[in-house]
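1. Give me a model of this one.
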Amino acid sequence: MKLSEAANRVIDLSRKIYDYYSAELPKRHPNYPLVGPDDEETPPPPEEAELSGFLATLPDDLIYQLVLLMDLGRGYARPDDLAGYYETLPDTVGDPGQAASHMMVFMATLADEIADGLAELRKHKINVDRLPLKKSKARKQ
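-> Here you go, the predicted structure:
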């Protein structure tokens, strides 16, 4: 699977998750955005499990590249040092499972961050499917 395909799938799923919670949380919490301890718990949408499952099927390098896109969209990574930043990701976000969990924590902003990362690559005329990266090695456990 190409990075562009994986990124688009993550964007699609995380936008659906965001839309679900945007609609459901105000219905279930009378003082939303404040959530009281006795308020009804909001069940997760099916897309949340789908996103988690999808991330679990991706090869290590695609997981790290998605985190790279996310961080590029946040402004943490620079387009002129993609390889250098990519090389540090295993030390920064841990093994691929931890990196996927890291993305799930930021589900609310994940779609926008990855979309912004893709836009930043386009702005600098960098092909998302041909990033100038060295292979990142997963840390041994």
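2. Let me know the outermost residue of this structure.
-> residue 38 (31.0 Å; C-alpha atoms, centre = their mean).
3. Okay, it and residue 31: tell me how far apart.
-> 11 Å (C-beta to C-beta, to the nearest Å). C-beta: built from backbone N, CA, C; applies to glycine.
4. and if you look at residue 119?
-> 36 Å.
5. do residue 98 as well
-> With C-beta to C-beta as the criterion, residue 98 and residue 31 are 34 Å apart.
6. So for the two, which sits in the more crowded spot?
-> The neighbour comparison of residue 98 against residue 31 (other C-beta atoms under 10 Å) goes to residue 98, with 13 against 9.
7. Can you name the helix or strand that that one falls in?
-> helix 96-105 (DSSP states H and E).
8. Now do that helix, average pLDDT.
-> In this model, helix 96-105 has a mean pLDDT of 94.
9. Please write out the alpha-carbon positions of that helix in PDB.
-> Extracted C-alpha coordinates of helix 96-105, given in PDB (Å, rounded to 0.1, in the frame of the first residue of the first chain):
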ATOM      1  CA  PRO A  96       5.200   0.900  15.600                       C
ATOM      2  CA  GLY A  97       2.500  -0.200  18.100                       C
ATOM      3  CA  GLN A  98       3.200   2.700  20.300                       C
ATOM      4  CA  ALA A  99       3.300   5.000  17.300                       C
ATOM      5  CA  ALA A 100      -0.200   3.800  16.200                       C
ATOM      6  CA  SER A 101      -1.500   4.300  19.800                       C
ATOM      7  CA  HIS A 102       0.000   7.800  19.600                       C
ATOM      8  CA  MET A 103      -2.100   8.500  16.500                       C
ATOM      9  CA  MET A 104      -5.200   7.100  18.200                       C
ATOM     10  CA  VAL A 105      -4.800   9.500  21.100                       C
END
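10. Show me what that helix packs onto, helices and strands only.
-> Using 3 or more C-beta pairs under 8 Å, 6 or more residues apart in numbering; DSSP states H and E, the elements in contact with helix 96-105 are helix 46-57, helix 60-74, helix 82-93.
11. Good, we can wrap up now.
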